[in-house]
Each structure stands twice: as C-alpha cells, then as structure tokens.
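**Student:** here are the coordinates; sequence isn't available:
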C-alpha cells in the first residue's frame, strides 16, 4: 500500500513543502522526502503497519522545537496538527487529540471554568503531543512536568499496534521525543481552580548572601518556587541593578497577596525571555545543578557577563548567550565538572545527543527495541 492511497490529498512531495518541513525552530536543516497530514487514527496505523523497511518517519506538532526534535533525516514528516479535536470532557479531565494547540485548549477550559496548569511560554503555538513528547514544564514550575498531568495515552508504536497506555508505562512515551511511538490522544487531569499563592521579592548585593537565603527558603514546606534573577535580568525588568529572588508561597507567608499584583509579577516571568531575545541573547540553555554547586555556577555567569535566571528549587538555570559565543561551550564544560546535567528542562532533540548519559542511552535503546524494532520513527532524535 502506498502512502498516497492512505492520505490521498493529505500527501505532498511538492518542493516548497519539503523545504518548509525540512526544519523546525532550530537552525538545523534536514532532508524531507514527503509530508503527510493525518486526520484520523486509522491513517496513522495503516501508515506504520504497512511501511516498507526503507521508510522513516519524523513526527511533528507545531514545529516550535529549538533543538531539532522535528528535523527530518531522509524521512517522511508526519504533521499531526490536523488531529486537533477535544474528544471527551469530564469534571476533572479532558481527552484531546495530540495535534490540539494548548492555547485553544485553554480557551475551551476557561469557558468551563477548568484549569490545565502546564503553561509554557510557547503556549499559543505548542501542541499537546509535542508537550508530552518533551515532558514539558510550564512557567509555574511547582506544578511539575507533563508527566504529573497525563492519565492515559493512546499511541501507535513502530509496528502499527494501537495501544492504550497508563500507569508506569507512560514513562516509556513521556519525554521520549517520539522515538517509541506516535501519540494519538491523551487524557489530561484538570483543576477546578489554580493553586492560590502569595509572593515575596528579596534583593541582594552578593551571590553569597542570596544563596544563604535560598538554602533557608528551600527547606520550607510552604515555598512553592524560588525564581532567581541576576543583576542583568533584574535591570532589564526595571527592578534595579541587583540580584533578586522571587519567592512563591502556598500560604499567606508572602508579602504580596493581591491577585492583581501577583499577576503582574507572573507577567515579568513571561516578559523576560522576550526581552533577552531583543537584547540579542538568542541562545538559552537549561543546565540542572545541585544546590551545593549553585554558587559556583552563578559566580561563573556573573564573572563572564552571562545573563542568567532560573528555578532554584528545581536546580535549573537559564544562562543566555549571543549567537556564536565561545562561553556556551565553556559553560557546558563547567556544568559537567560540577556533576550537573546539560539538559535539565528542554529535552535533547538532535542538538544535544552527546549530553545523554550512558544509563539513559541504554534505557532508550531498550525502549526502541521494544516499541520500534524496525527503527522507523524519529531517526536521529535522542539516540543514533
């Protein structure tokens, strides 16, 4: 069976389509052989069940990934964006197709006065399937990753088997970046209202004094999040040329209690990345470092004039670099020397395969053999 027979008008080998789908939001460029746009699960199942050995498929949501996770490698791009329906509503859950854009889901939830709390900066663009594949965090990191909010998945594996996945098996697909199967739909947990919080802002002149306070705050069960802003980021946000901690509490311990004032502080977190890009700091990293090594890392950023903000309770920081800066590679070496992780939040894609630990590579290879023995899904992503 040919793909043209399965997808009819939703199949393209037109040159302009192959050029457009040969890249994602990263600067990487791959080779796209054709593009298909599934509209129902049977098409995806037939495609994989009857695929010949020389066929390879790259799964794509919104194409907003900056690590090359949707860049094809002599492969057919499967654009899931037309599978974008809300399938079922419950009082505390919703079932959606993987191509649904998060922004559209949030609009529907608002009408029903329900909340899905994982809201990354790219929410107007990112799809639910892409968020699951990357196991995304939202701006409010205390809600955790997508894995905390996915109850069930419907997936088609590399041999064309359609399976419902729940419980411990979800980990075989969450954060696997599409190498184990194509996500068709997801059952997501919902809240009836967002978690209430209060906020305090602390100002410091030195990293040493800031770390002393952060260590104390980290031990408090009432602290939801500790957001770090260096003097560069603080200045760009008009907070003054000082170091700051934005501390979010799950009770009334914070100084700022007015919801409108708290909303303005949340807007600062959303604004910061856009400000840094406008300042030509286009390369954002996401190392994860133990709290014992935070001071060394932050001193390095300060010494080298690298704007940095981060989520101190998670140990994830975001140093920002200008295009082509040699400091980016130096930072990688520093993180490895501090026994940290290069990729703490944003995934691996094509760009950071070298940073995958040996233990994780072994686990990924085992999952690949289990779910995609023909190795036809997302070639070159995460592992070779």
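**Tutor:** Thanks, I have the structure now. The shown structure was predicted, so the numbers you read here are calculated from the model rather than taken from an experiment.
**Student:** and the pLDDT at residue 66?
**Tutor:** Looking at residue 66, its pLDDT stands at 86.
**Student:** looks to me like it is in a helix.
**Tutor:** No. The assignment for residue 66 (DSSP: H, G, I helix; E, B strand; the rest coil) gives coil, which keeps it out of a helix.
**Student:** does it really touch residue 23, like I thought?
**Tutor:** No. Here residue 66 does not reach residue 23: they are 11.1 Å apart, not a contact under C-beta atoms under 8 Å. (Each C-beta comes from the backbone N, C-alpha and C, glycine too.)
**Student:** quick one: contacts of stretch 254-272?
**Tutor:** 121, 139-140, 197-201, 227, 229, 233, 236-237, 246-248, 309 (C-beta atoms under 8 Å, 6 or more residues apart in numbering).
**Student:** residues contacting residue 82?
**Tutor:** The contact partners of residue 82, taken as C-beta under 8 Å, 6+ apart, are 10, 37-39, 99.
**Student:** hmm, I typed the wrong one, I wanted residue 64.
**Tutor:** Neighbour list for residue 64: 24-25, 122, 125-126, 130 [criterion: C-beta under 8 Å, 6+ apart].
**Student:** between those, which has the most around it?
**Tutor:** For the contacts of residue 64, neighbours were counted using other C-beta atoms under 10 Å, and residue 130 has the most, 32 neighbours in all.
**Student:** so which elements touch the one helix or strand that residue maps to?
**Tutor:** Following DSSP states H and E, the helix or strand that holds residue 130 is helix 128-134. With contacts defined as 3 or more C-beta pairs under 8 Å, 6 or more residues apart in numbering; DSSP states H and E, helix 128-134 has these neighbours: helix 102-111, strand 182-189.
**Student:** now find how far off-centre the shortest one is within its chain.
**Tutor:** Offset of strand 182-189 from its chain centre (C-alpha atoms, centre = their mean, to the nearest Å): 16 Å.
**Student:** buried set for the helix or strand just after that strand?
**Tutor:** Tracing the chain past strand 182-189, the next element assigned as helix or strand by DSSP H and E is strand 198-204. By neighbour count on 16 or more other C-beta atoms under 10 Å, the buried set for strand 198-204 is 198-199, 201-202, 204.
**Student:** for the following helix or strand past strand 198-204, which positions count as buried?
**Tutor:** Later in the chain than strand 198-204, the nearest helix or strand by DSSP H and E is helix 207-218. Burial within helix 207-218, assessed by neighbour count using 16+ other C-beta under 10 Å, is assigned to 207, 210-211, 214, 217.
**Student:** likewise stretch 228-244?
**Tutor:** Buried-residue list, stretch 228-244, by 16+ other C-beta under 10 Å: 228-234, 236-237, 239, 242-244.
**Student:** which members of those occur in strands, if any?
**Tutor:** 228-229, 243-244 (DSSP state E).
**Student:** so residue 39: helix, strand or coil?
**Tutor:** coil.
**Student:** neighbours around it, how many?
**Tutor:** Neighbourhood size, residue 39 [other C-beta under 10 Å]: 16.
**Student:** again, but for residue 178
**Tutor:** With other C-beta under 10 Å as criterion, residue 178 counts 27.
**Student:** quick one: low-confidence residue ranges for this structure.
**Tutor:** The model of the chain has pLDDT under 70 over residues 1.
**Student:** mind giving me the domain ranges of it?
**Tutor:** 96-193, 198-337 (automatic domain parsing).
**Student:** can you list the ones you listed in CSV and add distance to residue 85?
**Tutor:** Compiled in CSV, the domains of the chain are given as follows (distance: least, C-beta to C-beta, whole Å):
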stretch, distance to residue 85
domain 96-193, 5
domain 198-337, 28
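**Student:** so which of these is the most surrounded?
**Tutor:** domain 96-193 (a mean of 20; mean count of other C-beta atoms under 10 Å).
**Student:** that one: end-to-end distance?
**Tutor:** This stretch, domain 96-193, spans 20 Å end to end (C-alpha to C-alpha, to the nearest Å).
**Student:** closest one to residue 81 among the helices and strands packed on helix 128-134?
**Tutor:** helix 102-111 (11.2 Å; C-beta to C-beta).
**Student:** span of stretch 307-318 from start to end?
**Tutor:** For stretch 307-318, the separation between the terminal residues is 8 Å (C-alpha to C-alpha).
**Student:** make that stretch 42-55, sorry
**Tutor:** Stretch 42-55 has an end-to-end distance of 18 Å (C-alpha to C-alpha).
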